[in-house]
Every structure is written in structure tokens, then in C-alpha cells.
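> Give me a model of this one.
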Amino acid sequence: MYALLRRCLTHCVARSSSVKADPRNAAQPHSGPRKRPVELLLSPVDNLHLANLCGALDENLRQIEAALDVTIARRGERFTIHGESESAARCAEALQYFYGVAGKDLSVDEIQLGLIELLNRPVRGRSAQGTTSPALMTRKAELHGRTPRQIEYLKHIQEHDITFGTGPAGTGKTYLAVACAVDAFERELVSRIVLTRPAVEAGERLGFLPGDLAQKVDPYLRPLYDALYDLMGFDRVMKMLEKQAIEIAPLAYMRGRTLNHAFIILDEAQNTTPEQMKMFLTRIGIGAKAVITGDVTQIDLPKGQKSGLIEARRILHEVRGIAFSEFAAEDVVRHPLVARIVAAYEAQTKLQESAAK
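Next up is the predicted model:
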């Protein structure tokens, strides 16, 4: 009986081997060339660095896998990376980078922000030119841009009186603009900070909310408050609000004013009308600097109403003294999945636009 089973097993193995050897069958699972795994040996060996690199239950490795769409196998200090060749190469670079800074526990934020920086540099290291970011003074020490577009955005703000920053959510448009405002105030380049946004929000009817216009809009100004609290501290922000060194107000309150020696930020500018945008831009006085931020894919205006942000980009793109910074999915500085979500929606929008033509 055992002899019969052995003969059957041998016959099955022989058949399976012959099937694998058939070139027609071997070609079916892969439409392209077979990807070779990347082998990485980390040295010098340091068990503390290895443990911090991998994280509890290899949580850090799972984050790197998810961000780069690769799989990582580890045996001691040896890592095997499977995935597209460029992704695998970037993963190897990421592992080497994090291993070098893993003398202490690596937080989720450090892993995610480190990955964003690595994803926005050439595979074999940083470009030698154009990567130096302006340093901004905040209570959190110096703050720098993390991606090439963020660095360009900061330079535009410093070098121009009016800067437009457009792109998807999570790219740091508003936060970096507020950081620039705080930096300018700390360096005494301006005497006050003015933050504003239009009274329009997705699916909301402000007329049905209790209170006057300022009270109705106040909850929608929270992202601006949050950025200020983070950069200056709650107590200091409250004191500056009392002294009116910081003003946060709906866009309607800007009409008829001239803002001198101020750093002015218009957030959610895609929800302005052309008339509101013109009104805002003509409020800028002597010694003032303005930053306009928005996402043209998130317009909440009534159907048929033109966006002031889109109109301004079309009309002002050649005006000297005005700069435009355009962000993309790869500049997202939130969870790595957010960048993929943004990219997927961008691709869908392009398909719809192509179909409409």
C-alpha cells in the first residue's frame, strides 16, 4: 500500500514539474518581466536600532509596506523587499534612513513624515540644488518645507507680496501660510495677522444657523485657530486676539478696509465669487503680504456660479509680483493612504473631463 502511495505521489510530482516547465504555462501568471526582490543587509548590526526600526509587532515595517506598496521579509538584520523595482529601491533607502535615526523609539508621525520626505527626493539621494527650505520661526523651533513644492511655496511667500497656493487637502497649504504669518510677526516684518475665509461650506445653509454672521462662521474658522494654537500656543494666541494683533473673521468683514503692515491669509478661496476675490485682493495696503489658498476640486458655490480662485488664476497668472504654487497628491503630509485617495479622485476627475470632451 505504501509503495502504491509512493508511486502515485512520484507521478503527481512529475506531472506538476512538467507543467511548471512548460513555457506557455510559466508565462501566464506574469504579464511582464519577473520582478527580482531587493536584498538589504543593515550594518553595523545594532539590536536596539533594529527593534526601533521595526517597531512593536513590526508596526513600522507595515507602515512602510503600505506607503510604498511593497512586502518586506526580515531575518535578523537581513531584509528582502518584493515589489516594483522603483518602490523596492525606495523602500531599501527608507529602511537605511530609519535605521540610522532609530537610536530612540520612532513614532507614527516620524515614520509617516520621513516617508513623505523620502518619496519626494531622487531615489539615490537628495538633489544637490534647489532643496534648501526657508526656516520659519515658531514656538516649535524652526519649521521647514518637507517636499519640493512646499519649499517652492515658502520661497514664493517670502519673495512675493501675493502668493496663491492651490491643491488637494493635506498638502500643508494653510498650515505653512499661517507659519509664514507667525514667522513674519515674530521677525517684526508685520504688525498683525489677519485670517479670513468665505461664509460658504459644503451642504451648509448659514442662514439657518443661530447667531450673527461671525458666530455662524466661527466653527468654519477652526482650522485657522488650530494652526495658530499649534504654532504659537493657546495662551499667546488668546492674548493677541484680545489686542487685535490677530484677527480671524469672515470674508464679508473685509469690505471697505485697507490692511497695512499685515500678513493676510484667505483660506478656502475656491468658494469666493470673482467679485469677492477682487474685493479681497484690493484690500492689501502698504507693507502687507497676502496668501490665498484653496482646492479647485472642492468648490461649494451654487451651480453655475464661477469660482473667484479659478478666475484669479486665469487673469493674474502673468502679473509681476504675484506667485502661484500648485500642489499635488505626492505633497500630502497626512496618512500615506490619503495621498492614494487624492490620486484616485484626481484620476477619476481627469477621466470625467476627457469623457465630457
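
> pretty sure residue 313 contacts residue 165?
No. Contact criterion CB atoms under 8 Å: residue 313 and residue 165 do not qualify, at 11.3 Å. From N, CA and C alone the C-beta is placed, and that goes for glycine too.

> which of those two has more neighbours?
In this view residue 313 and residue 165 are compared by other CB atoms under 10 Å, and residue 165 has more residues nearby, 29 against 18.

> Contacts only, for that one.
Shown in contact with residue 165 (CB atoms under 8 Å, 6 or more residues apart in numbering): 153, 173, 176-177, 291-294, 325, 327.

> Just confirm it is within a strand.
Yes. Under DSSP: H, G, I helix; E, B strand; the rest coil, residue 165 falls within a strand.

> got the contact list for stretch 87-104?
Counting by CB under 8 Å, 6+ apart, 35, 37-38, 40, 42, 48-50, 52-53, 60, 64-65, 68-70, 72, 79, 81-83, 106, 110-111, 114-115, 118-119, 123-124 sit against stretch 87-104.

> For the stretch 151-300 of the chain, give me the ranges with low pLDDT.
Where the stretch 151-300 of the chain drops to pLDDT under 70, the residues are 200-217.

> Which parts of it are helices?
173-186, 213-217, 222-232, 234-242, 274-281 (DSSP state H, counting those that start in this stretch).

> So which of the contacts of stretch 87-104 are in helices?
Among those, DSSP state H puts 48-50, 52-53, 60, 64-65, 68, 110-111, 114-115, 118-119 in helices.

> Report the spatially closest residue to residue 272, excluding sequence-adjacent ones.
Spatial nearest neighbour of residue 272, excluding adjacent residues (CB to CB, 6 or more residues apart in numbering): residue 308 at 3.6 Å.

> Quick one: neighbours of that neighbour, just the number.
Around residue 308 there are 27 residues (other CB under 10 Å).

> residue contacts, it?
Residue 308 makes contact with 269, 272-278 under the criterion CB under 8 Å, 6+ apart.

> roughly how far apart are it and residue 294?
9 Å (CB to CB, to the nearest Å).

> Give me the common contacts of those two.
Listed as contacting both residue 308 and residue 294 by CB under 8 Å, 6+ apart are residue 269.

> Residue 92: helix or strand, and which one exactly?
helix 85-100 (DSSP states H and E).

> ranges for the strands of the chain?
Applying DSSP state E to the chain gives strands spanning 38-41, 71-75, 78-82, 136-138, 141-143, 162-166, 192-197, 246-250, 262-266, 289-294, 322-326.

> Of all the ones you listed, which one is nearest residue 345?
strand 162-166 (15.3 Å; CB to CB).

> got the buried residues for the closest one?
Buried positions in strand 162-166, judged by neighbour count with 16 or more other CB atoms under 10 Å: 162-166.

> got a markdown table for those residues, with distance to residue 225 too?
Below are the buried residues of strand 162-166 laid out as a markdown table (distance: CB to CB, whole Å):
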| residue | distance to residue 225 |
| --- | --- |
| 162 | 24 |
| 163 | 22 |
| 164 | 23 |
| 165 | 19 |
| 166 | 22 |
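
> Spatially nearest residue to residue 325 (excluding sequence neighbours)?
residue 153 (4.1 Å).

> Correct me if wrong: the one you found contacts residue 163.
Yes. Using CB under 8 Å, residue 153 makes contact with residue 163 at a distance of 7.4 Å.

> list residues touching both of those two?
Counting by CB under 8 Å, 6+ apart, the residues touching both residue 153 and residue 163 are residue 325.

> So for stretch 86-93, what gets flagged as buried?
87-93.

> Over to stretch 177-191?
Residues 177-185, 190 are the ones in stretch 177-191 that count as buried (16+ other CB under 10 Å).

> Show the contacting residues for the residue nearest to residue 340 when sequence neighbours are not counted.
Spatial nearest neighbour of residue 340, excluding adjacent residues (CB to CB, 6+ apart): residue 329 at 7.7 Å. Contacts for residue 329 were tallied using CB under 8 Å, 6+ apart; they are 168, 339-340, 342-343, 346.

> One more pass at 7 Å, please.
Going by CB atoms under 7 Å, 6 or more residues apart in numbering, residue 329 touches 168, 339, 342-343, 346.

> Also residue 83?
68-71, 91.

> so which of those residues comes closest to residue 225?
residue 68 (35.0 Å).

> Quick check, residue 143 in contact with residue 178.
No. Counting by CB atoms under 7 Å, residue 143 stays clear of residue 178, with 10.5 Å between them.

> picking that back up, redo the strands of the chain as CSV? Include distance to residue 282.
Below are the strands of the chain laid out as CSV (distance: least, CB to CB, whole Å):
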stretch, distance to residue 282
strand 38-41, 56
strand 71-75, 55
strand 78-82, 55
strand 136-138, 28
strand 141-143, 31
strand 162-166, 11
strand 192-197, 14
strand 246-250, 17
strand 262-266, 12
strand 289-294, 11
strand 322-326, 13
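
> Residue 118 and residue 67: what is the separation?
Residue 118 is 9 Å from residue 67, by CB to CB.

> Just the buried ones from the contacts of residue 308?
Looks like these have 269, 272-274, 276-277 buried, using 16+ other CB under 10 Å.

> Serialize these to CSV and add fields for distance to residue 250.
Shown next, in CSV, are these (distance: CB to CB, whole Å):
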residue, distance to residue 250
269, 13
272, 11
273, 14
274, 18
276, 11
277, 15
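
> Right, I'll leave it there.
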